[in-house]
Structures are given as structure tokens and as C-alpha cells.
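Trainee: Predicted model and sequence below, questions to follow.
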Amino acid sequence: MIEIMFDILMNQLRSLSTGSRTFGAGRHIFSQGDGIGSLYLVESGLVHLVRYQADGNVAVLQRASPGLVLAEASVFSSVYHCDAVAITDVNATAVPTQLIRRALRSDPDFAEGWASYLSYQLQQTRKRAEIAGLKTVAARLESWLTWNEGELPSKGEWKALAGDIGVSPEALYRELSKRRASFVRGRT
């Protein structure tokens, strides 16, 4: 049901679009302090919303993959409060914020779809925060598995999983290796 609602919302956003843009890996889509004229629906690739910390570390605020709206909380802001960096080559649909705000005021179905989307994103953010607060790789992985019905993603997506739970890919691979070894020992 949620996927259908999101598909409808994304198609509504595309109908408001002023076109698509492509960004090469490593390029900024926007920078902190830039004026906001449009939001972007990620069609392909991966974008990180980042904030640079005083100590030089980078905080990733959003990992926007295909089908997600980049910096959706900015719809009522005048300037961006973070940077958006293309992690891979990205194709995104630009949607003027003024058209989104107009649709929110005039189209109850659009407004409900937008509210549902924001609610889902808030749930996902809370889940990531809960997982990030756990101390060990094992605890983070276990929590992630609980949220995802015990199913690991395919091996090609393990690096993204490591990013989602806030550990290095190597640390995740070591934990998965320990679990495999425990499983094998338990069967003999």
C-alpha cells in the first residue's frame, strides 16, 4: 500500500517538474546557503546530504537513492542548510518548490501523499538513529536485521548496509563472517 501511494506521489511530482538534471559522481547538487528554487527527485544514482563538522568529519543526514526526494524538509525553507553531493552519477528530476507548495494547498490527495511520505521518512530516520546509538557492530546489525525481517540484502549491497548502520564495510564483513562461522559450528 505504501509503495503505491509513493508511486502516485512521485508521478505527481514528475508532472510538476521543470526537467531533469544529471550530476557526475563527486559533484555538488547544491551547497549550504544556496537559495532553494527546486527540490530533486532522485531517479538514478545516490546522493548524500552532508554537513561538515568543525573537526573535519562529515555527518551524512540523508542517503537519497532512486525514488526519494532529496532534502524534502527544505520545501518551506529559503536556503539549504547542508550540501548535497552525488556519490555516484545521478539523474534527478527538478521540481520547483513553489509548485509543490501550491499543490499542498490546493490538492488534498497530493497533500496526503506528501504527509505520508514525510511520515515514512521520519520513521526511517528514527530507525537509523536508534541503530546508530548502539555500541557494537553486532548490536547494530542485529537491530537492522530485526527491522528488516531478518533478511540481509544481496552481497552487492553490503557496503550500503554498512553505511546505513554507521560502520565500515570491513567491520560489517568481519561480523558477517563471525556469524557464518557460528552458524556452521552450530550445525555440526
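Mentor: That came in fine, so what should we check first?
Trainee: could you give me the average pLDDT of the helix or strand harbouring residue 173?
Mentor: If you go by DSSP states H and E, residue 173 is part of helix 169-187. For helix 169-187, mean pLDDT is 77.
Trainee: Same check on stretch 13-31?
Mentor: 95.
Trainee: Please state the offset of it from the chain centre?
Mentor: 15 Å (Cα atoms, centre = their mean, to the nearest Å).
Trainee: Can you give me the first-to-last residue distance of it?
Mentor: 23 Å (Cα to Cα, to the nearest Å).
Trainee: isn't residue 165 right up against residue 146?
Mentor: No - contact criterion Cβ atoms under 8 Å: residue 165 and residue 146 do not qualify, at 11.9 Å. Where you see a C-beta, it was placed from the backbone N, CA and C, and this is true even at glycine.
Trainee: of these two, who's got more company?
Mentor: Between residue 165 and residue 146, counted using other Cβ atoms under 10 Å, the more crowded position is residue 165 (21 against 10).
Trainee: Now do the helices in the chain.
Mentor: 2-15, 97-106, 108-132, 137-147, 158-165, 169-187 (DSSP state H).
Trainee: what bits of this structure have low per-residue confidence?
Mentor: Filtered on pLDDT under 70, the chain yields the residue ranges 1-5, 182-188.
Trainee: Could you find the closest non-adjacent residue to residue 52?
Mentor: residue 58 (5.9 Å; Cβ to Cβ, 6 or more residues apart in numbering).
Trainee: Make sure the one you found is actually in contact with residue 82.
Mentor: No - look at residue 58 against residue 82 with Cβ under 8 Å: they stay out of range, at 10.2 Å.
Trainee: Mind listing the shared neighbours of these two?
Mentor: Common neighbours of residue 58 and residue 82 (criterion: Cβ atoms under 8 Å, 6 or more residues apart in numbering): 50, 51.
Trainee: neighbour count winner among the two?
Mentor: It is residue 82, of residue 58 and residue 82, that has more neighbours when counted by other Cβ under 10 Å, with 20 against 12.
Trainee: ok, now which ones touch that one?
Mentor: 32, 49, 50, 51, 61, 71.
Trainee: excluding its backbone neighbours, what's nearest the fifth one?
Mentor: Residue nearest to residue 61 in three dimensions, not counting chain neighbours: residue 49, with 4.3 Å by Cβ to Cβ, 6+ apart.
Trainee: rewinding a little: okay, the contacts of residue 82 in JSON lines with distance to residue 176 and neighbour count next?
Mentor: Shown next, in JSON lines, are those (distance: Cβ to Cβ, whole Å; neighbours: other Cβ atoms under 10 Å):
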{"residue": "32", "distance to residue 176": "36", "neighbour count": "15"}
{"residue": "49", "distance to residue 176": "28", "neighbour count": "23"}
{"residue": "50", "distance to residue 176": "27", "neighbour count": "18"}
{"residue": "51", "distance to residue 176": "30", "neighbour count": "13"}
{"residue": "61", "distance to residue 176": "27", "neighbour count": "17"}
{"residue": "71", "distance to residue 176": "32", "neighbour count": "21"}
